[in-house]
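[1] quick one, structure for this:
(one chain, ligands or ions: 1)
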Amino acid sequence: MKVYFIGAGPGAPDLITLRGARVLSECRLILYAGSLVPEAVLEHAHPDAERFNTAGMHLQEQVDLYRRAQREQLNVARVHSGDPAIYGATAEQMRALRDLGIGYEVVPGVSSFTASAAVLGTELTRPGVTQTIILTRVSGRASAVPEREQLPGLAAHGASLCLFLGGNQLPGIVADLLSAYPPETPVALVQRATQPDERQHVSTLERLLSEIRVSEWALTTMLIVSPALGRVEDLEDASRLYDPAYAHRFRRAQPAGDES
Ligand SMILES: C[S@@+](CC[C@H](N)C(=O)[O-])C[C@H]1O[C@@H](n2cnc3c(N)ncnc32)[C@H](O)[C@@H]1O
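    Residues are numbered from 1 along each chain as shown. Okay, the predicted model is just below:
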């Protein structure tokens with residue numbers, strides 16, 4: 001038997017990977033993070049599978065289920081939102097599985113930061129503007145962010161920055177971002193990206209808080225701040241990759257004026 005950590009993606013049932021859906025359909029015991037993974041994603045599950053929502057369970061209760069699965073030789077689907085490698089609290093489960101001698105495998109998923117960029121219809125990297133994406137969060141009650149990774153220091157890079165788990169701390173976050181990003185820097189909030197009740201708000205750092213009701217964005221919100229947002233029409237900073245005059249291993253350069 002084996003435990004499969006499966007990335008559910010951002011919530012739309014068709015944004016789980018083909019592999020994730022197949023493995024989910026083959027497991028008879030399912031643990032899923034119900035606070036973030038909508039029931040709709042479990043439409044891929046085997047109809048006879050037993051399902052446990054881990055939102056109300058502590059680690060030992062989950063480990064007890066892994067033990068039971070080991071006794072009964074059942075494969076387990078452990079379904080996490082987005083990609084399990086990002087704020088998934090998988091490390092402690094993996095440690096317990098190793099102690100029990102249970103093997104595990106990770107099936108990656110579409111993270112909410114790329115899903116948010118997708119629903120905004122934007123790219124997070126632009127040549128000469130920013131080529132770096134920072135994924136971060138602010139400290140929560142369960143997990144502290146190390147001092148060297150505090151937001152003002154990260155903001156000093158001026159890169160695209162995707163902030164998880166911060167919807168309930170927006171005023172402090174915006175103040176920290178404004179300590180380094182120019183006030184007119186574009187910022188977007190995306191809530192429940194790809195789900196039926198998805199919402200988004202695009203603004204600038206200086207205007208954001210005056211335009212929204214902060215309390216409405218407390219849960220399942222991705223904040224993206226980036227000088228690259230909202231620059232779709234700006235060809236000044238286009239990559240040269242598809243420039244006809246640019247040659248590379250797979251394409252010869254096309255002389256100027258040659259439209260053949
Ligand atoms: C515990 S973290 C899990 C992140 C997940 N592993 C991922 O890769 O997206 C939960 C946070 O992810 C973000 N998140 C998850 N799903 C989201 C969605 N559909 N839309 C916007 N943000 C989402 C929110 O910031 C939320 O507070």
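[2] surely I224 forms part of a strand?
    Yes - I224: assigned to a strand according to DSSP: H, G, I helix; E, B strand; the rest coil.
[3] how many residues are close by the closest residue to the ligand within the stretch 51-200 of the chain?
    Of all residues in the stretch 51-200 of the chain, G82 sits closest to the ligand, at 2.0 Å by C-beta to the nearest ligand atom. Placement of C-beta: from N, CA and C, glycine included. Number of residues near G82 (other C-beta atoms under 10 Å) recorded here: 28.
[4] same check on L219?
    12.
[5] quick one: it from the ligand, how far?
    7 Å (C-beta to the nearest ligand atom, to the nearest Å).
[6] that residue contacts G167, correct?
    Yes - taking C-beta atoms under 8 Å as the definition, L219 is a contact partner of G167 at 5.9 Å.
[7] and the residue of the stretch 51-200 of the chain closest to the ligand, what does it touch?
    Residues near G82 by C-beta atoms under 8 Å, 6 or more residues apart in numbering: 7-10, 36, 88, 109-113, 115.
[8] what's the pLDDT at the closest residue to T132 other than its chain neighbours?
    With sequence-adjacent residues excluded and distances taken as C-beta to C-beta, 6 or more residues apart in numbering, T132 is closest to A159, at 3.8 Å. Looking at A159, its pLDDT reads 98.
[9] same thing with G121?
    For G121, pLDDT reads 95.
[10] ditto for the one 4 residues further on
    Each residue has a pLDDT score; the one for T125 is 96.
[11] and the residue nearest to it when sequence neighbours are not counted, how far from S239?
    Spatially, and ignoring its direct neighbours in sequence, T125 is nearest to Q131 (5.3 Å; C-beta to C-beta, 6+ apart). Distance of Q131 to S239, computed by C-beta to C-beta, to the nearest Å: 10 Å.
[12] what's the answer for V225, then?
    21 Å.
[13] those two: who's more crowded?
    Of the pair V225 and S239, V225 is the one with more neighbours under other C-beta under 10 Å, namely 25 against 12.
[14] wouldn't that one be in contact with L161 here?
    Yes - look at V225 against L161 with C-beta under 8 Å: they come within range, at 5.1 Å.
[15] overlap in contacts, these two.
    155, 177.
[16] you'd agree L74 is up against I30?
    No - proximity of L74 to I30 does not meet the contact threshold set by C-beta under 8 Å, at 10.2 Å.
[17] quick one: low-confidence parts of this structure?
    231-237, 256-260 (pLDDT under 70).
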